[in-house]
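*Asks:* Provided below for reference: sequence and predicted model.
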Amino acid sequence: MQMEKKDIRALSKEQLRDFFVANNDKAFRGNQVYEWLWSKGAHSFEDMTNVAKATRSMLENNFVINHIKVDTMQRSTDGTVKNAVRLHDGLVVESVLIPTETRTTACVSSQVGCSLDCNFCATARLKRMRNLEPGEIYDQIMAIDKESRLYHNHPLSNIVFMGMGEPLMNYNNVIKAIDMVTSPEGLGMSPKRIMLSTSGIPKMIKKMADDEVKFKLAVSLHSAIDETRAKIMPFSKNFPLKDLREALEYWYRKTKSKISYEYVVWKGINDDKASIDALVKFCKYVPCKVNLIEYNPIDDGEFQQASEESILAYIKALENIGVVVKVRRSRGKDIDAACGQLANKEG
């Protein structure tokens, strides 16, 4: 029975060098191939034009490159681009390019489906199939970088992990992908231009702080009242706000990096004064800013966009205590490309 070939991108540069030495070739060949895989984003061994044909054949016999394929790409009237990304095993995830006048942001997925159960999120209706590999996460970013250059005439400027999946439940692979994106051998992007958005897993937030990561942290909060938050995000019963607060305080002590709270205001759920007061109190614990997000309804159910008056009440209360508030309007509505509420749709 033929052994399944390993994805060559699972090898470090040192392991690649060792492979060539073990096969009676020069170690520097590993550097060459590594550059093709990451800097140049080679999709096949045949792309590696400065590598001898015999060497390319040897690589073909031993490895595969499990590259993603952008199956369908939709462009919105506002410039947003949604990619349905097909993986080597046929599964599909989504990534989104979000342009503004000054920058382009990639919203990328970290899992196929999601293991959490946020009631308002389309992805949560899909069971988690598997984690994405570092190369698959990196490929989404490379594809959006190309689209940014093509459609907006400049390279990708920012990355947010707000697509399908909970990044902290695929921690090692996400960190490896970020390391590659920020490496001079990858995209060479500053980690300060990368934001990881989590639903709030306290022990993993502490681990990130201990690992001295340099990227930014966003937390999908949506309520600073445990009972309300548990209705919105049932899994959060296991991670009460007291534990989340402690983890965020720890994060700030270690990193001195301000936290962003992602917060959707829904009609009849968290648009009352008690919810506003609770968020104001929570914002006093750690230096932060708040992104109030316009909701993109996934059906006609209980989660509906709150009134403009409710949004303004939140803004006023938060600005009164000196918290910076931004209202993030949904982008790409005509192509169903709301970042962070991605549905696994083909085509």
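*Replies:* In hand now; what should we look at? Residues are numbered from 1 along each chain as shown.
*Asks:* which stretches of the stretch 201-347 of the chain have low pLDDT?
*Replies:* For the stretch 201-347 of the chain, applying pLDDT under 70 flags the ranges 297-301, 330-347.
*Asks:* at 80 what do you get?
*Replies:* 294-303, 329-347 (pLDDT under 80).
*Asks:* residue boundaries of the helices in it?
*Replies:* Using DSSP state H, counting those that start in this stretch, the helices found in the stretch 201-347 of the chain span residues 202-210, 226-232, 241-255, 273-283, 308-320.
*Asks:* all strands of the stretch 51-200 of the chain, in order?
*Replies:* Residue ranges of the strands in the stretch 51-200 of the chain, as given by DSSP state E, counting those that start in this stretch, are 63-64, 69-75, 81-86, 92-99, 104-107, 111-112, 130-131, 158-161, 194-198.
*Asks:* mind putting these in TSV, distance to residue 51, mean pLDDT and mean neighbour count included?
*Replies:* In this view, the C-beta of every residue, glycine as well, is placed from N, C-alpha and C. Converted to TSV, the strands of the stretch 51-200 of the chain look like this (distance: least, Cβ to Cβ, whole Å; pLDDT from 0 to 100; neighbours: other Cβ atoms under 10 Å):
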stretch	distance to residue 51	mean pLDDT	mean neighbour count
strand 63-64	13	94	18
strand 69-75	23	89	15
strand 81-86	27	93	23
strand 92-99	30	93	25
strand 104-107	29	96	26
strand 111-112	32	92	24
strand 130-131	30	93	17
strand 158-161	30	96	23
strand 194-198	31	97	22
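*Asks:* now the ones you listed in JSON lines, with distance to residue 138?
*Replies:* Formatted as JSON lines, the strands of the stretch 51-200 of the chain follow (distance: least, Cβ to Cβ, whole Å):
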{"stretch": "strand 63-64", "distance to residue 138": "16"}
{"stretch": "strand 69-75", "distance to residue 138": "14"}
{"stretch": "strand 81-86", "distance to residue 138": "12"}
{"stretch": "strand 92-99", "distance to residue 138": "11"}
{"stretch": "strand 104-107", "distance to residue 138": "11"}
{"stretch": "strand 111-112", "distance to residue 138": "15"}
{"stretch": "strand 130-131", "distance to residue 138": "14"}
{"stretch": "strand 158-161", "distance to residue 138": "11"}
{"stretch": "strand 194-198", "distance to residue 138": "12"}
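*Asks:* for residue 46, which of the helices of the stretch 201-347 of the chain is the nearest?
*Replies:* Proximity to residue 46, assessed across these by Cβ to Cβ, is greatest for helix 202-210 (39.1 Å).
*Asks:* what helices and strands are in contact with that closest one?
*Replies:* Contact partners of helix 202-210 among helices and strands, from 3 or more Cβ pairs under 8 Å, 6 or more residues apart in numbering; DSSP states H and E: strand 194-198, helix 241-255.
*Asks:* okay if I get the ones you listed as CSV plus distance to residue 307?
*Replies:* CSV is the format used below for the helices and strands packed on helix 202-210 (distance: least, Cβ to Cβ, whole Å):
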stretch, distance to residue 307
strand 194-198, 26
helix 241-255, 26
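*Asks:* which of these sits most buried?
*Replies:* The highest average neighbour count among those, using mean count of other Cβ atoms under 10 Å, belongs to strand 194-198 at a mean of 22.
*Asks:* my guess is residue 182 meets residue 175, correct?
*Replies:* No: using Cβ atoms under 8 Å, residue 182 makes no contact with residue 175, being 10.6 Å away.
*Asks:* hmm, back to that, so which of the helices and strands packed on helix 202-210 comes closest to residue 75?
*Replies:* That would be strand 194-198 among the helices and strands packed on helix 202-210, by Cβ to Cβ, at 23.8 Å.
*Asks:* just checking: what are the partner strands of the closest one?
*Replies:* strand 158-161 (parallel), strand 216-220 (parallel) (DSSP bridges).
*Asks:* what angle do that strand and helix 202-210 make?
*Replies:* 160 degrees (axes from the mean of the first three to the mean of the last three Cα atoms, to 10 degrees).
*Asks:* excluding sequence neighbours, find me the nearest residue to residue 262.
*Replies:* Sequence neighbours aside, residue 220 is the residue nearest to residue 262 in space, at 4.7 Å (criterion: Cβ to Cβ, 6 or more residues apart in numbering).
*Asks:* and for that neighbour, the neighbour number?
*Replies:* Around residue 220 there are 25 other residues, counting by other Cβ atoms under 10 Å.
*Asks:* can you tell me who the residue nearest the centre of the chain pairs with across the strands?
*Replies:* By Cα atoms, centre = their mean, the chain has its centre lying nearest to residue 161, at 1.5 Å. Under DSSP bridges, the beta-bridge partners of residue 161 are residue 196.
*Asks:* who are the contact partners of it?
*Replies:* The contact partners of residue 161, taken as Cβ atoms under 8 Å, 6 or more residues apart in numbering, are 108, 110, 167, 174, 194, 195, 196, 197.
*Asks:* repeat that for 6 Å
*Replies:* By Cβ atoms under 6 Å, 6 or more residues apart in numbering, residue 161 lies in contact with 110, 167, 196, 197.
*Asks:* so it versus residue 184, what's the distance?
*Replies:* 22 Å (Cβ to Cβ, to the nearest Å).
*Asks:* before we move on, back to that, now the helices of the stretch 201-347 of the chain as JSON lines including distance to residue 58?
*Replies:* Output for the helices of the stretch 201-347 of the chain, formatted as JSON lines (distance: least, Cβ to Cβ, whole Å):
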{"stretch": "helix 202-210", "distance to residue 58": "39"}
{"stretch": "helix 226-232", "distance to residue 58": "53"}
{"stretch": "helix 241-255", "distance to residue 58": "44"}
{"stretch": "helix 273-283", "distance to residue 58": "57"}
{"stretch": "helix 308-320", "distance to residue 58": "60"}
